[in-house]
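Colleague: sequence plus predicted model, see below.
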Amino acid sequence: MAGLFITFEGPDGAGKTTQLKLLAEALKASGYDCIVTREPGGTVISDRIRAIILDPEHQSMHAPTEVLLYAASRAQHVLEKINPALEQGKIVLCDRFVDASIAYQGYGLEIGEAQVRAINQFATQGLLPHKTFLLDISAEEGRRRLVERKQAEFKQGLDRIEQKDLAYHERVRQGFLQLAEQEARISLIDASQPVEVIHQQILREVRALLHVKEENDR
Ligand SMILES: Nc1ncnc2c1ncn2[C@@H]1O[C@H](COP(=O)(O)OP(=O)(O)O)[C@@H](O)[C@H]1O
Ligand SMILES: Cc1cn([C@H]2C[C@H](O)[C@@H](COP(=O)(O)OP(=O)(O)O)O2)c(=O)[nH]c1=O
């Protein structure tokens, strides 16, 4: 039985990590075998690439380098972790995937969607999520929440991507909204709603998906 691949996308601070945890807890409580992972990262090699990408000292990193590093980190993640889990029939919940590269590098850095898609097609061998929840929030509110979270975690400073100006983050948001219009697998969610309201909306959709999948697997 093949598994189910679900991703969370949206601007920094939209609430992806919060929702991912709540969904994982709900699914595990219902007896589902699910794993939680994130990009860039998810494996030792991918995490080392992540550190290079996000290092605030790497201000001279060029756009093609950045897009290829995200793709390299993703290739390792897909082959080492995501594909094997899906083959074992697990539910894979992932914080960001290819859509993030299209929004951040394609739209944010203005590399263009087609190039980013082509590079990622090679990196993932065409793997796409079955369902993507796009948590939409304004760049300003996302930034506010991010700073709040960092304070709560006693962390200082923003990473190299977070440090980019609000105009960049607004282009990223518009990129995500464009993707949501193009792709039926993407559910657009108003992330300014309370945490529990968003969680129930996501849980309803995932339960419906699981129901269809279980009928088909019979
Ligand atoms: N719906 C929400 N309303 C208000 N605050 C939220 C909401 N969801 C998350 N937060 C808070 O915003 C901050 C960023 O949330 P997080 O889940 O870490 O976002 P992301 O993973 O998208 O960067 C955290 O401090 C979190 O508690
Ligand atoms: C996966 C991915 C992330 N990113 C960016 C988005 C984030 O700013 C950063 C990852 O940081 P992370 O701390 O994981 O995000 P968050 O703060 O939302 O939890 O990398 C890209 O630019 N392209 C990509 O393909």
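Modeller: All right, it came through fine. For clarity, every value in this text was computed on a predicted model and none was experimentally measured. Ligands and ions are numbered 1, 2, ... in the order given.
Colleague: isn't there a helix covering Ser73?
Modeller: Yes: assessed by DSSP: H, G, I helix; E, B strand; the rest coil, Ser73 belongs to a helix.
Colleague: which other residues reach the host helix or strand of Arg207?
Modeller: Per DSSP states H and E: Arg207 is located in helix 195-217. Helix 195-217 is touched from outside by 1, 4, 6, 15, 18-19, 22-23, 26-27, 32, 130-131, 133, 135, 187, 189, 191, with contacts defined as Cβ atoms under 8 Å, 6 or more residues apart in numbering. (C-beta placed from N, C-alpha, C; glycine too.)
Colleague: what's the ChimeraX syntax to select whichever of those residues are buried?
Modeller: Restricted to buried positions by 16 or more other Cβ atoms under 10 Å, the ChimeraX selection for the contacts of helix 195-217 reads:
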select :4,6,15,18,19,22,23,26,27,32,130,131,133,135,189,191
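Colleague: give me the subset of the contacts of helix 195-217 touching ligand 2.
Modeller: Checking those against ligand 2 by Cβ under 6 Å from any ligand atom, not one of them is in range.
Colleague: now go through the contacts of helix 195-217 and say which are in helices.
Modeller: Within the contacts of helix 195-217, membership in helices is found for Thr18, Gln19, Leu22, Leu23, Ala26, Leu27, as judged by DSSP state H.
Colleague: how about the residues of the protein by ligand 2?
Modeller: So the chain meets ligand 2 at 12, 16-17, 38-40, 70, 96, 100-101, 104-105, 161-162 (Cβ under 6 Å from any ligand atom).
Colleague: out of those, who's nearest Ala139?
Modeller: Distance to Ala139, by Cβ to Cβ, is smallest for Asp12 among the residues of the chain next to ligand 2, at 8.8 Å.
Colleague: pretty sure that closest one contacts Asp159?
Modeller: No: Asp12 is beyond contact range of Asp159, at 9.1 Å (criterion: Cβ atoms under 8 Å).
Colleague: follow-up on the earlier one: in a markdown table: the ones in helices among the contacts of helix 195-217, plus pLDDT.
Modeller: Output for the ones in helices among the contacts of helix 195-217, formatted as a markdown table (pLDDT from 0 to 100):
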| residue | pLDDT |
| --- | --- |
| Thr18 | 97 |
| Gln19 | 98 |
| Leu22 | 98 |
| Leu23 | 98 |
| Ala26 | 98 |
| Leu27 | 98 |
